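>>> From the sequence below, what's the structure:
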Amino acid sequence: MRSTDRRSHMSIHLPSSWLGYLLAISLWLTCTLGMLESQIKELRSTLTTTYSRKETEHMFFHGFENYMKYAFPEDELRPVSCQPLTRDRKNPAHIELNDVLGNYSLTLVDSLSTLAILSYPNSTDLNGRKAWRYFQNGVRDLVELYGDGSDGPNGIGSRSKGFEVDSKVQVFESVIRGLGGLLSAHLFAVGELPIRGYEPPLEEKEFAKLWNKPLGSEGGIEWENGFVYDGQLLRLARDLGTRLLPAFYTPTGIPYPRVNLRNGVPFHPNSPLNSRIWTGYDNNEDYDEDGPVEITENCSAGAGSLVLEFAVLSRLTGDGRYEEFAKRAFWSVWDRRSELGLIGAGINAETGEWTQTYTGVRFS
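Residues are numbered from 1 along each chain as shown. Have a look, this model is predicted:
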C-alpha cells in the first residue's frame, strides 16, 4: 500500500513542464502514426538534404579558410602537411601537376563562384554573410596581386601584370577553371547571376558591366569592404583568354594541349606563329634536335569543349576571336568523327589524326 500510495502521490504532483513535454510527445506520436509512408519518406529526405547541405558548406569553408591561411597566394594546399602546393619547376615534364597549377592563385579563382552561390548578405544566415565577405575580399586580393586587367599602371599587381607568368599550363584546365572562374565571378559581381540579397544600384551595375568605358571615367559597385568593382575580373579574364590563343594556331585549328602564359608556344616548331623563330635553329648550338619532342596530342574534351567559356568572353567584350577559335576547334574535331558518329579519345593537333581511337560516353 505504501508503494502504491507513493506512485499515486508522484503522479499528482508532476511538474507542469513535464506535462508539456508529455503532451508534445503525444501529439508528435499521433501525427507521426497518422502520416502516410510517403510523407514520412519525404520528411526524412528533407532532413537528410538539409543536413547534407550544411555538411557540404562546412567542408567547403574548412578547405577554403585553410587554403587562404596556409597556402594563398600559391595555387593549392597540401591537405596533410598544410603547406602550399606549387608547380614542379625542377621537372617541367611533371605534367600531372604542372598542367593545372599555373602559379596564379588557382584555388581562389576557382572558389569565387562557389562563394557567390553561398553568399547571403544582410541576412541571419551566418554562412551566407561569411561567404559574401570572403567573395568581396577574394576579388580585392586577386586584383591586388594581378592588377585590374587594364593596360595602364593599375594593370600591374604586386605579383604580375595580369597572368604574365612563366608557366606552361594545359589549355583545357586553364579554360574551365581559370577563365570560367573569372567569368562566372564577374557575372555574379555585377548581378547578372543571382546572389541572394544582393542588388547593386543600377547605375553602378551598368558601369561595371560596360566594356569600353570612356577614358578617365570612374565608377563601379562599392562593396562593404571598401573595394569598388568596375569589371576587373572581366578584364583579367580577357587577359588570360588572350594568353591562351597561341595554342589555337595549328594547321588543323585543334589547339595544342599546352601553352606558356608568357611566351605562347615557342616549343611547337610547326605552329604558324613560329615560322621566324625556328629558321635560325640550324646554327644555334643551344638547340638540341634530339631532345624530347613536345606533345601535340590533345584529348577530345580538351580540344572541343571550350566553346562555352570562350563564347561568353567574346559576348562580354565584343571581341569575336575567342568564340571563333573555340568553334573552329570544335568543328575540326567533330568533322573527324567515325561513320557511327563517335569521336576518339585523343587527336593530333597538327595532323588531325586520331591517336587514341577508343571511345566512350565521356568522349562522345
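>>> Identify all contacting residues around stretch 190-199.
Contacting residues not belonging to stretch 190-199 are listed as 116-117, 119-123, 128, 132, 184, 187-188, 200, 205, 208-209, 221, 229, 231 [Cβ atoms under 8 Å, 6 or more residues apart in numbering]. C-beta: built from backbone N, CA, C; applies to glycine.
>>> run the last query once more with 7 Å
Contacts with stretch 190-199, where a contact means Cβ atoms under 7 Å, 6 or more residues apart in numbering, come from 116, 119-123, 128, 184, 187-188, 200, 205, 208-209.
>>> I only care about the residues you listed that end up buried; give me the ChimeraX line for that.
Buried members of the contacts of stretch 190-199, defined by 16 or more other Cβ atoms under 10 Å, are picked up in ChimeraX with:
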select :116,119,120,121,128,184,187,188,200,205,208,209
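>>> Asn298: which of the contacts of stretch 190-199 is nearest?
Nearest to Asn298 among those: Ser184, at 24.3 Å, using Cβ to Cβ.
>>> surely the closest one meets Ser113?
Yes. Using Cβ atoms under 7 Å, Ser184 is in contact with Ser113, at 3.9 Å.
>>> Give me the phi and psi for Phe310.
Per-residue torsions, Phe310: phi -70, psi -30 (degrees, to the nearest 10).
>>> Equivalent analysis for Glu76, please.
phi -140, psi 170.
>>> Let me know the distance separating the closest residue to it other than its chain neighbours from Gly352.
Distances taken as Cβ to Cβ, 6 or more residues apart in numbering put Leu85 closest to Glu76, at 4.1 Å, once the chain neighbours are dropped. Leu85 sits 36 Å away from Gly352, going by Cβ to Cβ, to the nearest Å.
>>> The two: who's more crowded?
Higher neighbour count among Leu85 and Gly352: Leu85, with 19 against 16, using other Cβ atoms under 10 Å.
>>> Could you list the low-pLDDT ranges of the protein?
Scanning the chain for pLDDT under 70 picks out 1-40, 43-44, 47, 276-292, 361-364.
>>> which residues in it form strands?
76-77, 84-85, 168-170, 221-222, 228-229, 258-260, 297-299, 346-348, 354-356 (DSSP state E).
>>> can you redo the ones you listed as a markdown table with distance to Glu57?
Supplementary listing: those in a markdown table, determined by distance: least, Cβ to Cβ, whole Å:
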| stretch | distance to Glu57 |
| --- | --- |
| strand 76-77 | 18 |
| strand 84-85 | 24 |
| strand 168-170 | 30 |
| strand 221-222 | 25 |
| strand 228-229 | 24 |
| strand 258-260 | 35 |
| strand 297-299 | 33 |
| strand 346-348 | 38 |
| strand 354-356 | 40 |
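>>> what comes into contact with stretch 350-364?
Stretch 350-364 is contacted from outside by 250-252, 254, 270, 296-297, 300, 332, 336, 342-348, using Cβ under 7 Å, 6+ apart.
>>> And stretch 170-181, by the same measure?
Contacts of stretch 170-181 (Cβ under 7 Å, 6+ apart): 99-100, 102, 104, 106, 109-110, 112-113, 237, 240-241, 244, 247, 255, 257-259, 301-302, 306, 309, 313.
>>> same thing but 8 Å
With contacts defined as Cβ under 8 Å, 6+ apart, stretch 170-181 is touched by 95, 99-100, 102, 104, 106, 109-113, 163, 237, 240-241, 244, 247, 255-259, 261, 298-299, 301-303, 305-306, 308-310, 313.
>>> Return the alpha-carbon coordinates of it using CSV.
Extracted as CSV, the C-alpha positions of stretch 170-181 are listed here (Å, rounded to 0.1, in the frame of the first residue of the first chain):
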residue,chain,number,x,y,z
GLN,A,170,47.1,22.8,-70.0
VAL,A,171,44.7,24.9,-72.2
PHE,A,172,41.7,22.8,-71.1
GLU,A,173,42.3,23.2,-67.3
SER,A,174,43.1,26.9,-67.7
VAL,A,175,39.8,27.5,-69.6
ILE,A,176,37.4,25.6,-67.4
ARG,A,177,38.9,26.6,-64.1
GLY,A,178,40.7,29.9,-64.6
LEU,A,179,38.8,31.5,-67.4
GLY,A,180,35.5,30.0,-66.4
GLY,A,181,36.0,31.0,-62.7
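>>> and that stretch, how far from the chain's centre?
Distance of stretch 170-181 from its chain centroid, counting by Cα atoms, centre = their mean, to the nearest Å, is 8 Å.
>>> can you check stretch 142-159 too?
A distance of 20 Å separates the centroid of the chain from that of stretch 142-159, by Cα atoms, centre = their mean.
>>> residues making contact with that stretch?
Stretch 142-159 is contacted from outside by 73, 104-105, 108-109, 112, 160-163, 227, 230, 232-239, using Cβ under 8 Å, 6+ apart.
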